[in-house]
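1. structure, please.
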Amino acid sequence: MGFPGTWMTESESMVYRVVPKCACSTIGQIMYYSDHGRFFDGDIHDAKGGMHKWAFDSSQGKISNNVQNHTSYSFTCVRNPYTRILSSFFDKICGIQRNGSRYRGNLVPTLIYNYGIEVGGDDGKGEFDQVASFRRFLLFARDTIRWRRPMDPDIHWSAMSGHVSTFIVNGGRYDRIFWTEKFSDGMQRVLDNLDTPHAVSLSEIPRFNESEGHGPKRAHPVEDYFDDLSMHLVYEIYKQDFELFRYDFENPANKMPIGEIDLDEVHAKLGD
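-> Numbers count the residues shown, from 1 in each chain. Next comes the predicted model:
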């Protein structure tokens, strides 16, 4: 299986396991800048060079050797499950993607037909009942994760613990896992452990939110989207994410973590 979703700087100063919807665009650009002294011109997910990615055949051997020997500092970043699934809905389901099309072709028409959701019209900008449509999308997300129907779960709403675990199961070990909600502090602690070709000053790094503007703006506070049933579904899908990464399941309004991540616990529970 190897190390899917893993990026590494060409200088091998750091190794990062991508978790979708968790500041991955900004982290990727920081990695690119630390090697080249400039940002990649475009979405870092589209970069075909300038860094190692598991998706590149030519990178797989170098990534495997590095990770299995723990040669470089390895890390990842996680996010509150409530805000992450909401972000996935507005970006991937309601939004028009950077190629000008809907995400995954016939996915949205299927959702409209089978689950009765609305997405804000052809351009994703129209008025619609965001709360009702999101809750129906949540049923769909649960169906894909629990029963793998009507399709396999998408990386943008599958559990973070699943992404994080592949790195561990195949022989990797994280030096740090930090929270999107405390990004500057977490990323700085990573940088403090690195020797990079180009120094990175986090205060001068823009945030690369590549999904921003794809879809409609969220019209309500986070907690308004989650009634008792929705919270039950979220817990069914993301129970391990809440527990391992110390997020508050009881209060969707609280996006901040409520404890410290125990790396030994993460490795023990996700390494089976």
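
2. from here on, just use CA atoms for contacts and neighbour counts.
-> Noted.

3. list the buried ones in stretch 60-71?
-> 60, 62, 63, 64, 66, 67, 70 (16 or more other C-alpha atoms under 10 Å).

4. tell me the pLDDT of the nearest residue to residue 208 once chain neighbours are set aside.
-> Leaving aside its sequence neighbours, residue 208 sits nearest to residue 26 (C-alpha to C-alpha, 6 or more residues apart in numbering; 4.8 Å). Residue 26 carries a pLDDT value of 96.

5. residue 26: which element?
-> Applying DSSP states H and E as the criterion places residue 26 in helix 24-36.

6. would you mind writing the CA trace of that helix as PDB?
-> Provided in PDB are the C-alpha atoms of helix 24-36 (Å, rounded to 0.1, in the frame of the first residue of the first chain):
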ATOM      1  CA  CYS A  24      -3.100  21.200   3.200                       C
ATOM      2  CA  SER A  25      -2.800  23.900   0.600                       C
ATOM      3  CA  THR A  26      -1.000  26.200   3.000                       C
ATOM      4  CA  ILE A  27       1.200  23.500   4.400                       C
ATOM      5  CA  GLY A  28       2.200  22.400   0.900                       C
ATOM      6  CA  GLN A  29       3.100  25.900  -0.100                       C
ATOM      7  CA  ILE A  30       5.200  26.300   3.000                       C
ATOM      8  CA  MET A  31       7.000  23.100   2.100                       C
ATOM      9  CA  TYR A  32       7.600  24.300  -1.400                       C
ATOM     10  CA  TYR A  33       8.800  27.700  -0.200                       C
ATOM     11  CA  SER A  34      11.200  26.200   2.300                       C
ATOM     12  CA  ASP A  35      13.000  24.400  -0.600                       C
ATOM     13  CA  HIS A  36      12.800  27.100  -3.300                       C
END
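
7. that one: how far from the chain's middle?
-> 15 Å (C-alpha atoms, centre = their mean, to the nearest Å).

8. please work out which residues outside it touch it.
-> 7-11, 14, 18, 38-40, 43-45, 50-51, 77, 196-200, 205-210 (C-alpha atoms under 8 Å, 6 or more residues apart in numbering).

9. restricted to strands, list those residues.
-> Members of the contacts of helix 24-36 lying in strands (criterion: DSSP state E): 7, 8, 9, 14, 51, 77.

10. looking at the contacts of helix 24-36, which are in helices?
-> With DSSP state H as the criterion, helices contain none of the contacts of helix 24-36.

11. the bottom helix or strand of this protein by mean pLDDT?
-> The helix or strand of the chain with the poorest confidence is helix 107-115; it has a mean of 91 (mean pLDDT, DSSP states H and E).

12. next SSE after that helix?
-> Using DSSP H and E, the helix or strand that follows helix 107-115 in sequence is helix 130-147.

13. which strands or helices does that following helix pack on?
-> In terms of contacts (3 or more C-alpha pairs under 8 Å, 6 or more residues apart in numbering; DSSP states H and E), helix 130-147 is packed against helix 107-115, helix 228-245.

14. list the buried ones in it?
-> Residues of helix 130-147 classed as buried: 130-131, 133-138, 140-145 (neighbour count, 16+ other C-alpha under 10 Å).

15. what of stretch 1-10?
-> 2, 3, 5, 6, 7, 8, 9, 10.

16. what average pLDDT does it get?
-> 95.

17. which outside residues touch it?
-> So stretch 1-10 is contacted by 14-19, 28, 31-32, 35, 50-55, 63-64, 163, 166-167, 170 (C-alpha under 8 Å, 6+ apart).
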